[in-house]
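Visitor: Fold the following for me, if possible:
(2 chains)
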Amino acid sequence: MKDSRLTQYLPYLVVGLLALFPLVESTFYMQLLTKVLILAIFAMSLDLLVGYTGLVSFGHAAYFGLAGYALALMAPKYETVSLWWSLPASIGVCALFALITGTLVLRTRGIYFIMVTLAFAQMLFFIFHDTKLGGGSDGIYIYAKPLMKLGEIEVANLEKLEHFYWLVLILTGATYLLLHRILGSTFGRALLGIKVNEHRMRALGFPVFKYQLASFTLSGALAGLAGYMAAVQYGFVNPEILSWHQSGAVLMMVILGGMGTLYGSVIGAFAFVLLQEVLSNQAWFGIAAKHWQLAMGIFIMLVALYMPQGLAGLAQKFRRKPAEEAADE
Amino acid sequence: MSEPILRTKALTKRFGGLVAVSDVSLDLFVGEVHVVIGPNGAGKSTLTNLLSGDLPPTSGEVIFEGRDIAGCTSDHISRLGIGRSYQKTNIFLPFTVFENCRLAAQSRTPHALSVFQQAGGYAEINRLAEEAMAAAGLTHRAGRIAATLSHGEQRQLEIAMCLATQPRLLLLDEPLAGMGPHESQRMVELIKGLTADHAIMLIEHDMDAVFALAHRLTVMVNGEVLESGTPEAVRSSPAVQLAYLGGEELLYD
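Guide: Residues are numbered from 1 along each chain as shown, chains lettered A, B, ... in the order given. The predicted structure is shown next:
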């Protein structure tokens, strides 16, 4: 199948338009878009596990939230911290935590894997909720945004909304390209093989556990990147960012967008936040707006029933029609 | 006489009270097809699973090229040079025939963990995959999705994937299962062609194929080796005729 010109250049067009967005809009929608892009990174990191390695994690918020807490705990209270070391350090903490939990959870499969990943996330939730380590249920404030300085030159001022927005946009693109590259490599193909037929991969001589652990660690690290950015955006962290609601929401984004298609996760994050905004709009839905989760649940169910490939699958359906008819003789 | 590439000594597997494989000792040689026959439940597939590492033995030794591999994991055993095919077709259904073979070949290369080189970019891996497809007679199907192949072609792909891992010993578990006469004939020719530079252990029910291929024949009943030797010797063994082949007239008609 050959892509048409339009679909080939569509991603660049979308990124270009998104980059120009701050020129027309100033506050509310730019913040909303920043949030969406951060969640897109988070969703892509989970798609690596769910869609490409065949591991359904229900505790992915643990890595997202942990990075936020890592930043909050590393940042001196009334001073600014440099992004150059606090970001890699936060991601490193998440990667290490994923490596440790991965060696344990990867001994289980299927429903047990879902439960054990959830259990680890809940453990972390209660550690931060019930102890003074991270300010308990109130959380911690991050008073100043991290600094991006090279020597005396300020590369970006994250206090400015548009600077932060652009940084997040670049990181979203970089995450996509990195994962796209990795998934096309021999390593990525082996992950896909494990997803399709783990038993056969083992019989062919692949050390399946090592591949899964590498994928789990990378996924945790990228969730950490998203979590760090979320903490910077909101200026505080509390246990809610590692609650199971958060794990469920990101899983829904991946399913909504279509598992196993990276760009689907990005679409899923957009669709999820958009739906959330629309369904909780009191002017439109009145009293029902308070219970937007109910409507969201129904919508997700409909997607699961009638569009098992998610929104990305829908896009592919339209795009592939003529080519497929030709291929079917 | 040359050394066996694989030798089992008193190999035993128990599942609770059931002894699935009991005290089996056999030798496999390069250039020979060693066929294992026996009624259903005789322990043939369990024996294969013990040699390939899909199951750990309860006791006994498996010596492959001088080292004891009993209890090693299946991926380790595969990397040592033992390839196996499965009784029930076990392939990557959504992938193309080429990708199935390429993935198998990829498991042999030390640089396979490199994360940035794109998967199609390794000439050596591609060459191994293409050779394996050619050996199994699947080159004309390279671009087809495995799920759309006929049953016989899927069985050929099973062997091709096995070959792409460059094994020295092949464990083939009923490769002719469910095949028509024409497909069976092609598979027998394929296995014959592999005999010269591989050791092959073959489990098979199709007696025409068994006697066409076997250099050595082992009969298993209830987990034990009833008789082992050249096909002629086994054919004329009274114990075998009684227990397995069910009477003289079957053999001499």
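Visitor: which ones are touching residue A:242?
Guide: A:61-62, A:64-66, A:69, A:121, A:124-125, A:128 (C-beta atoms under 8 Å, 6 or more residues apart in numbering or on different chains). Yep, even glycine has a C-beta here, placed from its N, CA and C like the rest.
Visitor: typo on my end, residue B:131
Guide: Contacts of residue B:131 by C-beta under 8 Å, 6+ apart are B:163-164.
Visitor: At which residues are the helices of the stretch 1-150 of chain A located?
Guide: With DSSP state H, counting those that start in this stretch, the ranges of helices along the stretch 1-150 of chain A come out as A:5-24, A:28-50, A:61-74, A:83-105, A:110-130.
Visitor: which stretch among those helices comes nearest chain B?
Guide: helix A:28-50 (12.3 Å; C-beta to the nearest C-beta).
Visitor: buried set for the closest one?
Guide: By 16 or more other C-beta atoms under 10 Å in any protein chain shown, the buried positions in helix A:28-50 come out as A:30-31, A:33-50.
Visitor: distance of residue B:125 from residue A:180?
Guide: 21 Å (C-beta to C-beta, to the nearest Å).
Visitor: relative orientation of whatever helix or strand residue A:174 lives in and helix A:28-50 in degrees?
Guide: Per DSSP states H and E, residue A:174 falls inside helix A:161-184. Angle of helix A:161-184 versus helix A:28-50, following axes from the mean of the first three to the mean of the last three C-alpha atoms, to 10 degrees, is 20 degrees.
Visitor: Output the contacting helices and strands for helix A:161-184.
Guide: helix A:5-24, helix A:28-50, strand A:153-156, helix A:186-196, helix A:208-234, helix A:262-279 (3 or more C-beta pairs under 8 Å, 6 or more residues apart in numbering or on different chains; DSSP states H and E).
Visitor: mean confidence for the last one?
Guide: It refers to helix A:262-279. For helix A:262-279, mean pLDDT is 92.
Visitor: what residues does that helix touch?
Guide: Contacts of helix A:262-279 (C-beta under 8 Å, 6+ apart): A:11, A:32, A:35-37, A:39-40, A:42-44, A:46-47, A:51, A:172, A:176, A:179-180, A:183, A:249, A:252-258, A:284-285, A:289, A:292, A:295-296, A:299, A:310-313, A:315.
Visitor: Could you pick out the buried ones from those residues?
Guide: Judged by 16+ other C-beta under 10 Å, buried ones among the contacts of helix A:262-279: A:35-37, A:39-40, A:42-44, A:46-47, A:51, A:172, A:176, A:179, A:183, A:249, A:252-258, A:292, A:295-296, A:299, A:310-313, A:315.
Visitor: what residue ranges in the chain score low on pLDDT?
Guide: No chain was given, so I picked chain A. A:1-6, A:319-329 (pLDDT under 70).
Visitor: my question was about chain B
Guide: Scanning chain B for pLDDT under 70 picks out B:1, B:110-113, B:244-253.
Visitor: I'd like the helices and strands packed on helix A:161-184 written out as JSON lines, with distance to residue B:25 added.
Guide: Output for these, formatted as JSON lines (distance: least, C-beta to C-beta, whole Å):
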{"stretch": "helix A:5-24", "distance to residue B:25": "62"}
{"stretch": "helix A:28-50", "distance to residue B:25": "46"}
{"stretch": "strand A:153-156", "distance to residue B:25": "72"}
{"stretch": "helix A:186-196", "distance to residue B:25": "36"}
{"stretch": "helix A:208-234", "distance to residue B:25": "32"}
{"stretch": "helix A:262-279", "distance to residue B:25": "53"}
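Visitor: export stretch B:78-87 as PDB, just CAs?
Guide: Taking Å, rounded to 0.1, in the frame of the first residue of the first chain, the C-alpha atoms of stretch B:78-87 are listed here in PDB:
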ATOM      1  CA  SER B  78      17.700 -23.200  20.800                       C
ATOM      2  CA  ARG B  79      20.800 -21.000  20.900                       C
ATOM      3  CA  LEU B  80      23.000 -24.000  21.500                       C
ATOM      4  CA  GLY B  81      21.800 -25.400  18.100                       C
ATOM      5  CA  ILE B  82      18.700 -27.500  18.600                       C
ATOM      6  CA  GLY B  83      15.700 -26.500  16.600                       C
ATOM      7  CA  ARG B  84      12.200 -27.900  16.900                       C
ATOM      8  CA  SER B  85       8.900 -27.800  15.100                       C
ATOM      9  CA  TYR B  86       5.600 -28.300  16.800                       C
ATOM     10  CA  GLN B  87       2.800 -30.800  16.300                       C
END
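Visitor: Pull the residues that contact it.
Guide: So stretch B:78-87 is contacted by A:202-205, B:6, B:45, B:48, B:51-53, B:64-65, B:69, B:72, B:107-108, B:155, B:158-159, B:161-163, B:165-175, B:177, B:203 (C-beta under 8 Å, 6+ apart).
Visitor: cutoff 6 Å now
Guide: A:205, B:52, B:158-159, B:162, B:165, B:167-175 (C-beta atoms under 6 Å, 6 or more residues apart in numbering or on different chains).
Visitor: Going through those residues, which ones are buried?
Guide: A:205, B:52, B:158-159, B:162, B:165, B:167-175.
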